[in-house]
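Visitor: sequence and predicted structure are below.
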Amino acid sequence: MEQIYAIPVNEAFRESAENAACGCPFCSIYRKLEENELDLILGASMMEPDTRIRTNKEGFCRTHYDMMFVRKNRLGMALTLESHLDELRADMKDSLAGKIAGKKGEKAAKRIADLEKNCYVCSRIEYHFERMIETSVLLWENQEDFPSLISSQPYYCLPHYRRMLEYASVRLSKKKYGEFEAQCSAPQYKYFDKLREDVSWFCKKYDYRYEEEPWYDSKDAVERAIKFLRSDIHKN
């Protein structure tokens, strides 16, 4: 696992360490995985039987339908939708209206509910992304220069920070986990405190008493706070 995922993890961590504008390294990793999966599903993987079986069963979430649509491969998308709709129609032979009336349609309702919870692209991304989070902890443990990369990040968004710490708490000894957590938290809380100051200053700027004061770093504080709190995985 280290060999397969070490290169993209190292690249993302080095890029973010060198350029703070890259933000959370895990968000960068996620976006690259997402781009790769979207390219594959509308390209080389589209007609593979194993892939088609899964896309017929799982479908796609609204976000990834939208992202595929703007890629302008209408034919590729239509071919995927054609077989998906055919299989879905066959699975929904009994009426959904009957389920609502409390009579029939249980199969159709369950099929739709399952479809709403699943997405082929999301599941593919998550499979690889989980292993990249695990790899970051393994690299910290085994690669000499990686601890300095961990502590040199501009920040980690909170969802990815949580996942990294959760895996580390299982993988590492209590002593090593303490060291790992301290190195991860050094940039995290520094950024957190600065972000709070910037958001507060942004609010003050709407008070007439601060009209003539400079904005400092607060003009994009709201956007940065959202990225920090909820990830930046679909960056425009």
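Guide: Nice, thanks for sending it over. Numbering: from 1, shown residues only.

Visitor: in this protein, which ranges drop under the pLDDT threshold?
Guide: 1-2, 94-104, 236 (pLDDT under 70).

Visitor: most distant residue from the centre of it?
Guide: Largest separation from the mean C-alpha position in the chain: residue 209, at 40.6 Å (Cα atoms, centre = their mean).

Visitor: for residue 205, grab the count of nearby residues.
Guide: 16 (other Cβ atoms under 10 Å). In this view, the C-beta of every residue, glycine as well, is placed from N, C-alpha and C.

Visitor: mind listing what it touches?
Guide: Neighbouring residues of residue 205 by Cβ atoms under 8 Å, 6 or more residues apart in numbering: 211, 213, 215, 218.

Visitor: buried ones among those residues?
Guide: Buried subset of those (neighbour count, 16 or more other Cβ atoms under 10 Å): residue 218.

Visitor: looking at the contacts of residue 205, which one is closest to residue 179?
Guide: Closest approach between the contacts of residue 205 and residue 179, by Cβ to Cβ: residue 218, at 34.2 Å.

Visitor: phi, psi of that closest one?
Guide: Backbone torsions for residue 218, taken as degrees, to the nearest 10, come to phi -100, psi -10.

Visitor: all helices for this protein, in order.
Guide: Using DSSP state H, the helices assigned to the chain run over residues 2-18, 25-41, 49-58, 62-69, 74-91, 96-100, 106-117, 120-142, 146-150, 158-171, 174-204, 221-230.

Visitor: mean neighbour count added to these, as CSV?
Guide: As requested, these are exported to CSV (neighbours: other Cβ atoms under 10 Å):
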stretch, mean neighbour count
helix 2-18, 17
helix 25-41, 20
helix 49-58, 15
helix 62-69, 15
helix 74-91, 14
helix 96-100, 14
helix 106-117, 14
helix 120-142, 19
helix 146-150, 18
helix 158-171, 16
helix 174-204, 15
helix 221-230, 16
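
Visitor: redo the contacts of residue 205 as TSV? Include distance to residue 55.
Guide: Output for the contacts of residue 205, formatted as TSV (distance: Cβ to Cβ, whole Å):
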residue	distance to residue 55
211	55
213	54
215	47
218	44
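
Visitor: just give me the closest of the contacts of residue 205 to residue 17.
Guide: Distance to residue 17, by Cβ to Cβ, is smallest for residue 218 among the contacts of residue 205, at 24.7 Å.

Visitor: report the contact partners of that closest one.
Guide: Residue 218 neighbours (Cβ under 8 Å, 6+ apart): 198-199, 201-202, 205.
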